[in-house]
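# build me a model from this:
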Amino acid sequence: MSLQDLDLKQLEAFAAVIAAGSVTAAARTLNRSQPVVSRLIQELEQTLGYPLFLRNGPRIHPTEEALQLHQYVQKALLSLQQIRLRAQEIGQQQHRPLSIVATPALAAGLLPQALSTLGLQNKVQILSESAEQTAHAVITGEAEVGLCSLPLEHHAVQLHWIGQSRCVVALPQDDPLARQQQVALASLAGRRLIAPWHPQRLRGRFAKALKKLKTPPHETIETNSSANILACVRAGLGVAILEPVTAWGMPLEGVAIRALDEDIPYFFGVITPQGRQLSAAAQALIDALETAASELLPFFQKFAASEHPRIMRLINQD
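You can find the predicted model right below:
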């Protein structure tokens, strides 16, 4: 199979069937007849050399190969759609959209507050990705501005500034510890803990701090989402040590956020593609993010990009 064998209409039909759940529904979405969509799927299967759907009468189910392929096809089709939109905007001399990518915590907890202070004329696009995918989106130029936790050292990105704040404790509102303004790390000994799953980032700093406890918390749930952590805490499933952006930027009713007596730092930075001239909207956003962070996050500190090596040594030290 060569790249020339892949037909765009076939890929669109494939993605539509996955999304709609049936050939009939996909045909309505694409404004095509059902036989045409069926033929496009069959032709794609012949080109690939393996089945994409298991057929049981009128019902079809995607194969494991189809589910693996779909994530790449979906991204490619979205990229093509973006090309169409950008080409149209260029032709009509419209403002270039302000494209932003951020980790979920920063996208939901900090970014909206910064955007609210700008009199934006541009269309804004916000992508929420993992830390690794956030950096990748900036490196490839998919996004003009990125917000991500450290590390952020890469030759293809420009780091504008680094922010630091302190992690907090999230407790059920009726937890006895919620009566205190500051919670001692030792008071979490033996408690059920809701923890972030990524061992190479903030989770590692939590683990170092908890090693000091003779009876460490019992980790009951791991998740890659701070919003999930807050929801689990509200449900009474445990307590959590949490990064401060979600804690202060997305407060959840029924959850008490309290300061921690142990300083567990949370570091994040603002990046743009190296060598790319920034739009006025992007530069204004970079400045607004600093203001929003200083207003939202207790103990916020800003560091120059040149401080990145020193901060990474601090993070990685035993």
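
# so how far is residue 194 from residue 174?
17 Å (CB to CB, to the nearest Å). Bear in mind the C-beta positions are built from the backbone N, C-alpha and C, glycine included.

# residue 239 now?
If you go by CB to CB, the gap between residue 239 and residue 194 works out to 7 Å.

# give me the common contacts of these two.
170, 233 (CB atoms under 8 Å, 6 or more residues apart in numbering).

# the more surrounded of residue 174 and residue 194?
Neighbour totals were compared for residue 174 and residue 194, and residue 194 leads with 25 against 10 (other CB atoms under 10 Å).

# tell me which element the more buried one falls in.
Using DSSP states H and E, residue 194 sits in strand 192-196.

# tilt between whichever helix or strand comes after that strand and strand 192-196?
Under the assignment DSSP H and E, the closest C-terminal helix or strand after strand 192-196 is helix 202-210. For helix 202-210 against strand 192-196, the angle by axes from the mean of the first three to the mean of the last three CA atoms, to 10 degrees is 140 degrees.

# elements contacting the strand holding residue 194?
Here strand 192-196 touches helix 202-210, strand 218-223, helix 226-234, strand 240-242, going by 3 or more CB pairs under 8 Å, 6 or more residues apart in numbering; DSSP states H and E.

# try 6 Å this time
strand 218-223, helix 226-234 (3 or more CB pairs under 6 Å, 6 or more residues apart in numbering; DSSP states H and E).

# worst mean pLDDT among the ones you listed?
Ranked by mean pLDDT, these end with strand 218-223 at the bottom, a mean of 80.

# that one relative to helix 226-234, how many degrees between them?
Using the same axes, to 10 degrees: strand 218-223 against helix 226-234 is 140 degrees.

# the closest residue to residue 218 other than its chain neighbours: neighbouring residues, count only.
Using CB to CB, 6 or more residues apart in numbering and skipping residues adjacent in sequence, the residue nearest residue 218 is residue 192, 5.6 Å away. Per other CB under 10 Å, the neighbour tally for residue 192 reads 16.

# where does residue 192 land on pLDDT?
89.

# isn't it right up against residue 239?
No. The criterion here is CB atoms under 6 Å, and residue 192 misses it with residue 239 at 7.0 Å.

# what sits up against stretch 126-145?
99-101, 103-104, 107, 146, 148-149, 156-157, 271-273, 282, 285 (CB atoms under 6 Å, 6 or more residues apart in numbering).

# next: stretch 292-299.
110, 113, 114, 163, 165, 166, 244, 248, 249, 300.

# go again using 8 Å as the cut-off
109-110, 113-114, 117, 163-166, 244-245, 248-249, 259, 300, 302.

# just the residues you listed: which are in strands?
Secondary structure defined by DSSP state E assigns 163, 164, 165, 166, 259, 302 of these to strands.

# the strands in the stretch 51-200 of the chain, which residues?
53-56, 59-62, 98-102, 124-128, 145-149, 157-166, 168-172, 182-183, 192-196 (DSSP state E, counting those that start in this stretch).

# picking that back up, closest one of the contacts of stretch 126-145 to residue 83?
residue 99 (13.1 Å; CB to CB).

# is it true that that closest one touches residue 123?
No. Residue 99 is not in contact with residue 123 according to CB atoms under 8 Å; the separation is 9.2 Å.

# compare these two (neighbour count), which wins?
Remark: of residue 99 and residue 123, residue 99 carries more neighbours, 23 against 14, as counted by other CB under 10 Å.

# in the sheet, who's paired with that one?
Legend: beta-bridge partners of residue 99 under DSSP bridges are residue 125.

# ok, now which ones touch it?
125, 127, 142, 143, 144, 145.

# okay, those in JSON lines with neighbour count next?
Shown next, in JSON lines, are the contacts of residue 99 (neighbours: other CB atoms under 10 Å):
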{"residue": "125", "neighbour count": "15"}
{"residue": "127", "neighbour count": "15"}
{"residue": "142", "neighbour count": "19"}
{"residue": "143", "neighbour count": "25"}
{"residue": "144", "neighbour count": "22"}
{"residue": "145", "neighbour count": "24"}
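
# need the worst-confidence member of the residues you listed.
residue 142 (85).
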